[in-house]
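> build the 3D model from these lines:
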Amino acid sequence: MKNTHMNESIKLTGQLRLILRDAKTGRIKADDTYKNMVLTLAKNAIADRLRGTSANNRGTITYIGVGTGTTAPVAGNTKLEAELFRKLLSVREISASGDNIAEFTVFFTTSEANGSLSEAGLFGDNASATTDSGILYCRTLINRVKTASDTLTMVWQLTIG
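Predicted coordinates for the structure are as follows:
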């Protein structure tokens, strides 16, 4: 029997939390949350992984990058507009706030990612420390200045709902 009333869909959404701290005191200077756009190539990579494709770390997120680009994200983005710095994730885990939330964390020291940061991206597949490598999974515009007196923690959550 065909069920004509079922209209279930799965959506992938995300948000990025930025926590800027004074490196000497540890005092939080800013704590901001930004919604992001999950990009077309990311959805394709996840679908490939579900089909069993694992070559080139398909469907695996490994880096967070920041940049100075200001153009609004669109689904077809394949890289940050002006990538400044990227770093290997410190932690990949299921969020304490829900089993259907993947959480990715990175910590930038005082000597990393300094400048007027206006965009951020989540990278995977064959991503490396090299600019523009791998697949850009998510992109968002941010508004944060980081100096050599600051540390920055970025916590990116992807929710399957």
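> quick check: mean pLDDT of stretch 137-151?
Averaged over stretch 137-151, pLDDT sits at 97.
> check contacts around the residue sitting nearest the centre point of the chain.
Per Cα atoms, centre = their mean, the C-alpha nearest to the average position across the chain is that of L122, at 3.0 Å. L122 is in contact with 14, 36, 61, 63-64, 104, 136-139, 156, 158, counting by Cβ atoms under 8 Å, 6 or more residues apart in numbering. (Glycine included, C-beta is placed from N, CA and C.)
> flag the shaky bits of the chain, pLDDT-wise.
Counting by pLDDT under 70, the chain shows low-confidence ranges at 1-8.
> returning to that earlier point: most neighbours of all the contacts of L122, which one?
Among these, the one with the most neighbours (other Cβ atoms under 10 Å) is R139, at 30 neighbours.
> still on that earlier bit, relative to T25, how far out is the residue nearest to the centre of the chain?
Applying Cβ to Cβ, to the nearest Å, the value for L122 to T25 is 30 Å.
> ok, now T60?
Distance from T60 to T25, by Cβ to Cβ: 36 Å.
> compare those two (neighbour count), which wins?
The neighbour comparison of T60 against T25 (other Cβ under 10 Å) goes to T60, with 16 against 8.
> just checking, the more buried one touches G124?
Yes: assessed by Cβ atoms under 8 Å, T60 is found in contact with G124 at 5.4 Å.
> can you mark which positions in the helix or strand encompassing A30 are buried?
Element membership for A30, per DSSP states H and E: strand 28-35. Residues of strand 28-35 classed as buried by neighbour count (16 or more other Cβ atoms under 10 Å): 29, 34.
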